[in-house]
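S.K.: Sequence isn't available, so here's the structure alone:
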């Protein structure tokens, strides 16, 4: 059930991409460059059959070119709950081995961090998932790694900067200004029995 629901969401994302003019035009352009649309109009086909064939080709092009991640990504049997439950002893054992090797390398032997470990510490300390970290653009990831956030002082500075950016962004947001004026005038919501 979970697997089929994943396919439904993936199909929904592809259909949405085909309805968006930006993606549809790029798909048409790519299909004509590859010559995929040339053979569709040949032969004795009705307009409906030609349109269906064209939609199938465009769908294939969109599936190949579009990188869909998150809840609408292409489903995999490995992401189904019961598969995770069956494989949980293996996952727990591999996590134990990984934790022991981490502890041995960086606590006991005090080796310098590898690039992969720096990435891991960065997204863990920023409370991101691995998928979210991988979804970041390369220059954002490089900026985070250049700041060396696995050092606690650098992390504090980075978090303060991000909080200030968020406050400045909210200060410019008209909806937030409206909300602040409302709260200043009326205060927080009160429950009264006067009605």
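M.R.: That came through, no problem. It should be emphasised that the depicted structure is a prediction, and the values quoted were computed from it without experimental measurement.
S.K.: C-alpha only now, for contacts and for neighbours.
M.R.: Fine.
S.K.: ok, and what's touching the helix or strand containing residue 88?
M.R.: Here residue 88 is covered by helix 81-103, with elements defined by DSSP states H and E. For helix 81-103, the external contacting residues (Cα atoms under 8 Å, 6 or more residues apart in numbering) are 2, 77-78.
S.K.: if you average pLDDT over that helix, what comes out?
M.R.: Helix 81-103 shows a mean pLDDT of 91.
S.K.: What's the first helix or strand after that helix?
M.R.: helix 115-125.
S.K.: Next one: residue 138 from residue 144, what distance?
M.R.: 10 Å (Cα to Cα, to the nearest Å).
S.K.: now do residue 133
M.R.: 11 Å.
S.K.: what about the helices in the chain?
M.R.: Counting by DSSP state H, the chain has helices at residues 2-19, 21-34, 47-65, 81-103, 115-125, 130-135, 138-146, 152-172, 174-186.
S.K.: Minimum distance to residue 73: which of those helices has it?
M.R.: Minimum separation from residue 73 across the helices of the chain (Cα to Cα) falls at helix 2-19, 5.8 Å.
S.K.: Which strands or helices does the closest one pack on?
M.R.: Packing contacts for helix 2-19, counted by 3 or more Cα pairs under 8 Å, 6 or more residues apart in numbering; DSSP states H and E, involve helix 21-34, helix 47-65.
S.K.: for the ones you listed, which one sits closest to residue 104?
M.R.: helix 47-65 (42.8 Å).
S.K.: What helices and strands are in contact with that closest one?
M.R.: Packed next to helix 47-65, using 3+ Cα pairs under 8 Å, 6+ apart, are helix 2-19, helix 21-34.
S.K.: Now render those helices as JSON lines, adding distance to residue 166, mean neighbour count and mean pLDDT.
M.R.: Output for those, formatted as JSON lines (distance: least, Cα to Cα, whole Å; neighbours: other Cα atoms under 10 Å; pLDDT from 0 to 100):
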{"stretch": "helix 2-19", "distance to residue 166": "30", "mean neighbour count": "16", "mean pLDDT": "83"}
{"stretch": "helix 21-34", "distance to residue 166": "30", "mean neighbour count": "15", "mean pLDDT": "83"}
